[in-house]
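Enquirer: pasting the sequence and the predicted model now:
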Amino acid sequence: MTTSSTNHSFGNEAPAKKESILNKTVLAWSLWDWGSAAFNAVATTFVFSVYLTSGMFADTDKSSESLSLGLTIAGFVIALLAPITGQRADRRGKGTFWLGFNTYVVVMLTGMMFFVHPESVFGPLGAMWLGIALLGFGNVFFEFASVNYNAMLARVSTPKTMGRVSGLGWGLGYVGGIILLLILYFGFIAPEVGLFGVTAENGLNVRVSMLIAALWFGLSTIPVLIAVPGRKVADADEAGHESIIDSYKLLFKTVKDLWNTSPHTIFFLIASAIFRDGLAGVFTFGAIIAAGTFGFSAGDVLIFGIVANVVAGIATIGFGALDDKIGPKAVILISLIAMVIDGILIFILHDAGSGTFWVLGLILTVFVGPCQSASRTFLARLIPQGREGEVFGLYATTGRAVSFLAPLCFGLSVRLGSNFVPEGASSQYWGILGIVLILFVGLMLILPVKTEQAHLGAFED
């Protein structure tokens, strides 16, 4: 007995959808990407994580190591649980419910970051660990929400519009992040006395920023919960209790079925995990290279980051049309080839001055977003109806499983480069070769992947 019908037409459902992407459903779906920058950009990358490691709670090395430990543990939890949470949502048609639940847990955790400050009742060290716990749990639930969100892509698009829809969402994520960061930076973080009289005393400017970020994400999520209702699954309410062991048995069966019936889906999951880690490395280490190798000041790095995200957002939206026209694999290949060449040029021209990095660095950012977006559409086009959350859960897990590659290859490349530079000279620019290597390996692995549809059937009781 099956609980949903099989659909091999790129995972789409009736009724038919308009070919234009400028409709309420797509815009409502895309607003989640827009709002998600409140956690990605503000909490994880630019504001709260920097606050935790600023030396206010413990010395920078200790706080950085502690934060790394917390996020590593969160990564393991995500890798273990993301596939089965997506699978459970699929089997009961509860993707929208769990998107809302997981998102608002993240919103709550982000708002609770307001209480993280050195003078709290927990003391500086206890407050630091509270902040790390909030950020770690936030990452876990954010990834769970992302699985549910990505699984909706086929439901809000058609095969002819999927690239544009995905690109619009991903691009709005970049643009939304920049707008929110600008509001927070100039409204609260940069001024001695910000809006509403907020100052930096006891980290109040950062803490208020987290409240605003929570509100930003919470409001941005409402439209998709209204516009994209849960998928109806026959007999879902009568389904019995499913234990963790049962969920893992079903997960292993999925992987076995994928390998037997559609091995190229497995090949894609492996290839995309590797090149997506390289893409993450571009942003993670780009600012480090800009400052350490090309002489950017802290202000230069901030300005470059703003420009880079705007460029990435516009490029991602623009490349969405190309995705629909020539296919996501072609967009991925074009992007990876361009980034490999560009990365090698950055290595060769490392001593050519900051202007060189402005040009080559921005070229890199042109292709990061399109590659990420096309990776999402590539998988969405292969998944049969009713398996979206489960397979996107595997997508999240494989990505987490190799998330050590970019930091490892960057560090090893810098260490290797120290053998080839004059004594006392920096070998930091060699790190770009580590990132290029990951992108190149991902490129080689995706070349033989074929784009035929997956042949997984519906869930069986």
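Expert: Yep, it's here.
Enquirer: just the helices in the stretch 251-400 of the chain please.
Expert: 263-292, 298-326, 328-348, 354-380, 388-401 (DSSP state H, counting those that start in this stretch).
Enquirer: any stretches of the stretch 351-461 of the chain with poor pLDDT?
Expert: Within the stretch 351-461 of the chain, the ranges that satisfy pLDDT under 70 run 384-386, 400-401, 452-461.
Enquirer: can you do 80?
Expert: 353, 382-408, 410-411, 423-426, 428, 451-461 (pLDDT under 80).
Enquirer: can you check the stretch 51-200 of the chain too?
Expert: In the stretch 51-200 of the chain, residues with pLDDT under 80: 54, 60-62, 64-65, 68, 72, 75, 78-95, 159.
Enquirer: run through the stretch 201-350 of the chain and note the low-pLDDT ranges.
Expert: Along the stretch 201-350 of the chain, segments meeting pLDDT under 80 span 230-262, 281, 283-293, 295-303, 305.
Enquirer: go again using 70 as the cut-off
Expert: Short version for the stretch 201-350 of the chain, where the test is pLDDT under 70: 230-248, 251, 284, 287-288, 298-299, 302.
Enquirer: which SSE is immediately downstream of the helix or strand encompassing residue 129?
Expert: Using DSSP states H and E, residue 129 sits within helix 123-151. Downstream of helix 123-151, the next assigned helix or strand under DSSP H and E is helix 162-184.
Enquirer: how far out from the middle of the chain is stretch 76-85?
Expert: Taking CA atoms, centre = their mean, to the nearest Å, one finds the center of stretch 76-85 at 15 Å from the center of the full chain.
Enquirer: quick one: contacts for residue 333?
Expert: Neighbouring residues of residue 333 by CB atoms under 8 Å, 6 or more residues apart in numbering: 443, 446, 447. The way it works is simple: take the backbone N, C-alpha and C, and place the C-beta from them, glycine included.
Enquirer: count of neighbours near the residue nearest to the first one when sequence neighbours are not counted?
Expert: Of all residues beyond its chain neighbours, the one nearest residue 443 is residue 336 (4.2 Å), with distances taken as CB to CB, 6 or more residues apart in numbering. By other CB atoms under 10 Å, 24 other residues sit near residue 336.
Enquirer: what do you get for residue 420?
Expert: Counted with other CB under 10 Å, residue 420 comes out at 9.
Enquirer: you'd agree it is up against residue 427?
Expert: Yes. The criterion here is CB atoms under 8 Å, and residue 420 meets it with residue 427 at 7.3 Å.
Enquirer: show me how far the helix or strand hosting residue 110 is from its chain's centre.
Expert: Using DSSP H and E, residue 110 falls within helix 95-112. Centroid separation for helix 95-112 versus its chain: 16 Å, with CA atoms, centre = their mean.
Enquirer: picking that back up, let's have the helices of the stretch 251-400 of the chain in TSV, adding distance to residue 177.
Expert: What follows is these, written out as TSV (distance: least, CB to CB, whole Å):
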stretch	distance to residue 177
helix 263-292	11
helix 298-326	6
helix 328-348	20
helix 354-380	11
helix 388-401	20
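Enquirer: between the ones you listed, which one is nearest to residue 22?
Expert: Minimum separation from residue 22 across the helices of the stretch 251-400 of the chain (CB to CB) falls at helix 298-326, 12.0 Å.
Enquirer: list the buried ones in that closest one?
Expert: 300-302, 304-305, 308-313, 315-317, 319-320, 322-324 (16 or more other CB atoms under 10 Å).
Enquirer: pull the number of nearby residues for residue 267.
Expert: Residue 267 has 17 neighbours, counted by other CB under 10 Å.
Enquirer: same check on residue 379?
Expert: Counted with other CB under 10 Å, residue 379 comes out at 24.
Enquirer: that one against residue 395, yeah?
Expert: Yes. Using CB under 8 Å, residue 379 is in contact with residue 395, at 5.9 Å.
Enquirer: what do the two both touch?
Expert: Contacts common to residue 379 and residue 395, judged by CB under 8 Å, 6+ apart, are 269, 272.
Enquirer: re the thing from before, OK, contacts around the residue nearest to residue 443?
Expert: Residues near residue 336 by CB under 8 Å, 6+ apart: 275, 367, 371, 439, 440, 442, 443, 446.
Enquirer: can you list these in CSV and add neighbour count and distance to residue 257?
Expert: CSV is the format used below for the contacts of residue 336 (neighbours: other CB atoms under 10 Å; distance: CB to CB, whole Å):
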residue, neighbour count, distance to residue 257
275, 26, 25
367, 25, 33
371, 27, 28
439, 27, 30
440, 20, 31
442, 27, 25
443, 20, 28
446, 21, 22
